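Colleague: Just a sequence and a predicted model for now, questions to come.
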Amino acid sequence: MSGTTLPAVLRVPRADRASSIGYFLRHNPRMIVGGALVLAWLFIFVFARVIAPYDPLKVNVADALLPPGPAHWLGTDDLGRDVFSRVLVGSQVSLRVGIISVAIGFFVGVSLGLAAGYLGGLFDLLAMRAVDALLAFPALVLAIAITAALGPKIENAMIAIGIVAIPAYARLTRGQVLAVRAREFIVAARTIGATPLRIVMRHIFPNVVNALIVQATLSTAFAILAEAALSFLGLGPQPPDPSWGQDINYSQRYLPNLKWWMSVGPGLAIFSAVFAFNFLGDALRDALDPRLRRSG
Amino acid sequence: MTTYILRRLVLMVPVAFLVTIGVFILIRLSPGDPALVFAGEERDPTALAAIREQMGLDKPLPVQYVVWVTRLAQGDLGRSFQTHQRVLEAIVERLPATAELGLAALVFSVGVALVVGIISAIKRNSAIDLLSTSVTLAGVSFPSFFLGIVLILLFAYVIPGRIFPPGGYTAFTTDAGDNLRRLVLPAITLATASLAVNLRQVRSSLLDVFGHEYMRTARAKGLRERTVVTRHALKNALIPVVTLIGIQVGAIIEGAFITETIFFWPGIGRLAVTAIPSQDYPVVQGVVLVSAFSYMVSTLLVDVLYAWLDPRISYESATA
């Protein structure tokens, strides 16, 4: 996991920033496609229980293992539960873990990065060594280790993925803070007696926001993938609650009987949700990073 | 160069120390009494107290840590609660299978990325470029466990003749042909995510190099396009790809947890995954530590290689 450091973006007037995004929206359809895909998933996330045609937990043995058809678009599982409804409701687990774990990583990582970059000295040294220690683990291995230690529960999966996300935010923020810390406007703010908290929040943080938005979008994609992987290994939500990773794992036993639809629904759901956030993240990076925007 | 390597090694010490503290705390956070798990059916309080004392659980946490880390330095990772086998021995037994899978995935990922990435960069905006960039984005978004299942479904069950088995492992020394046949699907599964990242890196590095003036000079000298690409562009473009190989060691280790589980591949990832439900913490702890240290060493090796390949990299700044 190497932290990508984007160049410092000095404060741009709000109107200019808006027009720059507007310009990009007009000239880069990728942003619209990515945004629409993410919005579609967010809509499903909010209204999953309303739009799901069946109760995802309702067992109906008479309808067990039905292939996809007009009544059950993605077929049914071995207990006769509608796969499509389970995929829709499963999005609530995946996206909830994605959003909350990214929020944990964002809050802790950005606070750590701002403090380390602004204060420097011993705090910076200790904070960055702690971040290095987190980076010493392959990300998913650390998430697995934390969830295994805390117990297989959705809340623990959120904490684990959140902790894994901290280093990227901390490093990114610290790098940006170091880039702007010595600039005239910071010196000026200090000269007129602004408190360190005010300097950090009003003058430094806005310069880091663009890079953080990109990071947050991309790490939501990672969080969804990581949650699915944890659930696949039995470390996420427990049955009978629907969860994409867990449902894929469960359906694996029916592969020799060619009951493929039980895995394909949740698999494509993970793929499309992760793809949506990755796609939007890439488009946002191009839109908000002036260096990439210039080079096309 | 020696100073740089030494400095990096010294910098690794506090990080390694923090890693051991992190793993130790994680295991101590685990719910349940390790003595109870170790004892199995044994519930006699005197026996449990003896086990607790034997495991050092009756001592204060800092003392437990010092004892644990001292044993660790001697290569003692403890014993499995389930099988009572030495953890290091269990890991060493399974390491060749993981190494074989990882190496195959690395070769596949780097090989395909180089070939397709070069074609993609040379024929920018062509159909093959468009296809490879789409595959790149799809590859990083495709969950490896789903890909594994799709491959099993296709090659083991749908396509007649069962080209590749759905899982299992045969040692290379026992039957080389069967070993390779069983290796194909897990290796592709493990390689796909890294392949996507590699492909993107090869393509963008080459495109970056193509924009440099020495490329124009090489062409102006009348060199053939093939010579320009292989002698001038590729040599420079591949330097950043080296770092990716280091990063992929991490991706391969974490991917092994999933891939080995799907394909019943008897490596260290599967060892850890099967140890989790039975609360066999020494095994999980051992595998996590070995993974972290392997990742740290591979990152160091790649940094050194990178600095050696690209003389512009300042050893001073690289340590910051």
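Modeller: Okay, I see it. Residues are numbered from 1 along each chain as shown, chains lettered A, B, ... in the order given.
Colleague: anything in the one helix or strand residue A:250 maps to near chain B?
Modeller: Per DSSP states H and E: residue A:250 is located in helix A:244-251. Yes - if you take Cβ under 8 Å from any Cβ of the partner chain as the test, helix A:244-251 does meet chain B, through A:245, A:248-249. Where you see a C-beta, it was placed from the backbone N, CA and C, and this is true even at glycine.
Colleague: Let's see if you can find the most crowded of the residues you listed.
Modeller: residue A:245 (32 neighbours; other Cβ atoms under 10 Å in any protein chain shown).
Colleague: for the helix holding residue A:250, packing partners?
Modeller: helix A:83-119, helix A:205-232, helix A:261-288, helix B:144-152 (3 or more Cβ pairs under 8 Å, 6 or more residues apart in numbering or on different chains; DSSP states H and E).
Colleague: Pick the most buried one from those.
Modeller: helix A:205-232 (a mean of 25; mean count of other Cβ atoms under 10 Å in any protein chain shown).
Colleague: What is the distance between that one and the centre of its chain?
Modeller: On the basis of Cα atoms, centre = their mean, to the nearest Å, helix A:205-232 sits 3 Å off its chain's mean C-alpha point.
Colleague: got the CA positions of stretch A:217-235 in PDB?
Modeller: Taking Å, rounded to 0.1, in the frame of the first residue of the first chain, the C-alpha atoms of stretch A:217-235 are listed here in PDB:
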ATOM      1  CA  THR A 217     -14.200   7.500  -3.100                       C
ATOM      2  CA  LEU A 218     -11.400   5.000  -3.900                       C
ATOM      3  CA  SER A 219     -11.300   3.700  -0.300                       C
ATOM      4  CA  THR A 220     -15.100   3.100  -0.300                       C
ATOM      5  CA  ALA A 221     -14.500   0.800  -3.200                       C
ATOM      6  CA  PHE A 222     -11.700  -1.000  -1.200                       C
ATOM      7  CA  ALA A 223     -14.000  -1.100   1.800                       C
ATOM      8  CA  ILE A 224     -16.800  -2.800  -0.100                       C
ATOM      9  CA  LEU A 225     -14.400  -5.300  -1.500                       C
ATOM     10  CA  ALA A 226     -12.800  -5.900   1.900                       C
ATOM     11  CA  GLU A 227     -16.100  -6.400   3.600                       C
ATOM     12  CA  ALA A 228     -17.100  -8.900   0.900                       C
ATOM     13  CA  ALA A 229     -13.800 -10.800   1.400                       C
ATOM     14  CA  LEU A 230     -14.300 -10.800   5.200                       C
ATOM     15  CA  SER A 231     -17.900 -12.100   4.800                       C
ATOM     16  CA  PHE A 232     -16.700 -14.700   2.400                       C
ATOM     17  CA  LEU A 233     -14.300 -15.900   5.100                       C
ATOM     18  CA  GLY A 234     -17.100 -16.000   7.600                       C
ATOM     19  CA  LEU A 235     -15.900 -12.900   9.500                       C
END
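Colleague: How about residues contacting stretch A:75-85?
Modeller: A:52-69, A:72-74, A:86, A:247, A:250-251, A:254, A:259, A:261-262, A:265-266 (Cβ atoms under 8 Å, 6 or more residues apart in numbering or on different chains).
Colleague: who in the stretch 101-250 of chain A is up against chain B?
Modeller: Counting by Cβ under 8 Å from any Cβ, the stretch 101-250 of chain A sits next to chain B at A:129-130, A:132-134, A:136-142, A:144-146, A:148-151, A:221, A:225, A:228-229, A:232-235, A:245, A:248-249.
Colleague: Can you tell me which of the residues of helix A:244-251 next to chain B is nearest chain B?
Modeller: residue A:248 (6.1 Å; Cβ to the nearest Cβ).
Colleague: Surely the closest one touches residue A:234?
Modeller: No - at 11.7 Å, residue A:248 does not count as touching residue A:234 under the criterion of Cβ atoms under 8 Å.
Colleague: just to revisit the earlier point, in PyMOL, how would I select just the buried ones from the residues of the stretch 101-250 of chain A next to chain B?
Modeller: Those of these that count as buried under 16 or more other Cβ atoms under 10 Å in any protein chain shown are selected in PyMOL with:
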select buried, chain A and resi 130+132+133+134+136+137+138+139+140+141+142+144+145+146+148+149+150+221+225+228+229+232+233+234+235+245+248+249
